[in-house]
Structures are given as C-alpha cells and as structure tokens.
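Engineer: sequence first, predicted model second:
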Amino acid sequence: MNALIIARKEIHQAVRNRWVLASTLLLAGLALSLTFLGSAPTGTVGVRALDVVIVSLSSLTIFLIPLIALLISHDAIVGDMERGTMLLLLSYPVARWQVLLGKFIGHLAVLAFATCLGYGIAAAALIATGSRIDSDSLAAFAAMIGSSVQLGAVFVAIGYLVSALVRDRGTAAGVCIGLWLLLVLIYDMALLGVLAVDQGRSISAAAVDAMLLLNPTDVYRLFNLTGFANVSSFAGMAGLAQSTTLTAKVLLAALLVWTFVPLGLAAAAFSRREL
C-alpha cells in the first residue's frame, strides 16, 4: 500500500512537470512521421505497412525510450536527498525498499502510458488510411509495444542504481548519459568491429549470442526483428533468426533479468546509504 501511494505521488509529479505530456507528444510525433514516411512505398513492393512501422519504431525505441527512462529516473534518489524530501519521506512508517518500488511503479506507469498512447496513435492513423492489418502483424506490433515498455523498465532500474550510488544530481546525469551512449551506440560499434576483424575464425555463434545478451538494447532488437517471421524477412534478419539460439522466451527473460538485477542492486545501495 505504501509503495502504491508513492507511485501515485510520482505520477502526479510527472503530470505536473509535463513529463507525461512531453513524452507522449514526442513519441507520437516521431511515430506518426515514421509511419507515413515508411509505409508510403509498401504498396509497390508488397510489404505490409504495419511490418514497416514495427521495424521503424523498433529502431526509434532503441534510441529514445532508454533516454527518456534515464532522464526521469536519474535523480529519483539523489535528487530527493538534495532537496531534503527523502528525509521527510522516510520519517513516515515506510521502508526504503517501498520508496524505491513505489517510484519504480510510478515512473514505469508514466513511460508505459506515453509509449502505448504514442505508438497506438501511429497504428490508429495507419488503420485510418485503409491499410490492411492482419493478425500476424498486429501480434508483432503488440509485442513491440510490450517489449518497449520492458526496455524502459530496464533503463529506469539502471537510472535508480546510478542515483543510489552517486552523491549529486549532476554526476548522476553525466553517468546516465555515458551509459546511454555506451549501451545504445558504442557497444554495438565495438562488437561489429570485433566481429569484422575476427571474420568467424575464433568467435563462435554461442559467444556472439552471449555478447548480445550483455546489452539490453541488443536483446530488444533481436526480440522484435527476429521473433516474427513477417518482420524478420522484411528487416533483413531472417538469416540471423535461423542461426541464433536465442528464442523469444530467452530474450524476454533476459530483459527481466536486466530489470531486476539493477533494481535489486539499487535497493541494496539505497538501504546502506546515509541520509
């Protein structure tokens, strides 16, 4: 109950600070742009319009959702400590893990609302244009939205871990931006470089799978671009989908691990931290 009260407070604060509105408008605007620009040529090449949208939105999500999640979570602990509100909050009969859980639920609810509404508007606009939507494409689209929310949960948890470890908000923001650059951009470029140099001589397929699991954005990309045959064939990932041993269940489990491990470490760090 205490966690839900704190979650409601975080949601109200996000609404008051325009986080909900800004995130929803940003996701909806970019999703609509990708929907109409990306689906324009599908009638001439025989590709289902929603499959194009899924590929486009998956690429957008990898860059945008982690950044939004880190922005709303990086000062969840250290920011309240600097403002003195954390000391006031903990003067009530509430455990520290309940504070962390409540904040997590609230921030995830904000992110889930913005993602579902923003991407849902894009799908509704596509349907309004008369595009044919079949059950396979609809299932892939729903899975994309669900996994996007799960990716957001991963980076909210990472933001909490940073916030529990650093001593000021500026440091938290800098570390989170660095982690975003590492996991979204640098890691994949380094991995591609290593694989290009190795040329399949010493790095096995199992080792590649293991390295992909070490990055939650790669896990998300694999789930959405290889998990459904209609999407993987259009995205050019059909070969990888056949060669990888990482099933959809394994990839979803990896995203859950990426959520609960940082969140557990954040709770442990917060429990030992002096106010």
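Structural biologist: Here it is on my side, so go on. Every value quoted in this text rests on a predicted model; they were computed, and no experiment measured them.

Engineer: what is the helix or strand harbouring residue 122 packed up against?
Structural biologist: Using DSSP states H and E, residue 122 maps to helix 96-128. Counting by 3 or more Cβ pairs under 8 Å, 6 or more residues apart in numbering; DSSP states H and E, the packing neighbours recorded for helix 96-128 are helix 2-16, helix 19-38, helix 49-73, helix 135-165, helix 248-272. Yep, even glycine has a C-beta here, placed from its N, CA and C like the rest.

Engineer: now these as a markdown table including mean pLDDT, distance to residue 186 and mean neighbour count?
Structural biologist: As requested, these are exported to a markdown table (pLDDT from 0 to 100; distance: least, Cβ to Cβ, whole Å; neighbours: other Cβ atoms under 10 Å):
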| stretch | mean pLDDT | distance to residue 186 | mean neighbour count |
| --- | --- | --- | --- |
| helix 2-16 | 88 | 30 | 16 |
| helix 19-38 | 82 | 23 | 18 |
| helix 49-73 | 87 | 13 | 23 |
| helix 135-165 | 93 | 15 | 22 |
| helix 248-272 | 95 | 18 | 17 |
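
Engineer: right, and those - which one's nearest residue 117?
Structural biologist: Residue 117 sits nearest to helix 19-38 of all the helices and strands packed on helix 96-128, at 5.3 Å, using Cβ to Cβ.

Engineer: run the angle between that closest one and helix 2-16 for me.
Structural biologist: 70 degrees (axes from the mean of the first three to the mean of the last three Cα atoms, to 10 degrees).

Engineer: on that earlier part again, and of the helices and strands packed on helix 96-128, who's closest to residue 127?
Structural biologist: Proximity to residue 127 (Cβ to Cβ) singles out helix 49-73 among the helices and strands packed on helix 96-128, at 8.8 Å.

Engineer: the closest one packs against which elements?
Structural biologist: helix 19-38, helix 96-128, helix 135-165, helix 169-181, helix 216-226, helix 229-235.

Engineer: so which of these is nearest residue 262?
Structural biologist: Evaluated over these, closeness to residue 262 peaks at helix 135-165, with 4.0 Å, by Cβ to Cβ.

Engineer: who are the packing partners of that closest one?
Structural biologist: helix 49-73, helix 78-83, helix 96-128, helix 169-181, helix 216-226, helix 229-235, helix 248-272.

Engineer: just checking, residue 50 touches residue 135?
Structural biologist: No. Contact criterion Cβ atoms under 8 Å: residue 50 and residue 135 do not qualify, at 10.8 Å.

Engineer: can you list the helices and strands packed on helix 96-128 in JSON lines and add distance to residue 101?
Structural biologist: What follows is the helices and strands packed on helix 96-128, written out as JSON lines (distance: least, Cβ to Cβ, whole Å):
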{"stretch": "helix 2-16", "distance to residue 101": "4"}
{"stretch": "helix 19-38", "distance to residue 101": "19"}
{"stretch": "helix 49-73", "distance to residue 101": "13"}
{"stretch": "helix 135-165", "distance to residue 101": "10"}
{"stretch": "helix 248-272", "distance to residue 101": "8"}
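
Engineer: right, and those - which one's nearest residue 124?
Structural biologist: helix 19-38 (9.9 Å).

Engineer: just give me how far that closest one sits from the chain centre.
Structural biologist: Per Cα atoms, centre = their mean, to the nearest Å, the displacement of helix 19-38 from the mean C-alpha position of its chain is 16 Å.

Engineer: name the helices or strands packed onto it?
Structural biologist: helix 2-16, helix 49-73, helix 96-128.

Engineer: of the helices and strands packed on helix 135-165, which approaches residue 155 most closely?
Structural biologist: That would be helix 49-73 among the helices and strands packed on helix 135-165, by Cβ to Cβ, at 3.6 Å.

Engineer: mind listing what residue 110 touches?
Structural biologist: 10, 11, 14, 19, 20, 23, 72 (Cβ atoms under 8 Å, 6 or more residues apart in numbering).

Engineer: setting the sequence-adjacent residues aside, check what's closest to residue 155.
Structural biologist: Closest residue in space to residue 155, ignoring its immediate chain neighbours: residue 69 at 3.6 Å, by Cβ to Cβ, 6 or more residues apart in numbering.

Engineer: cool, thanks, signing off.
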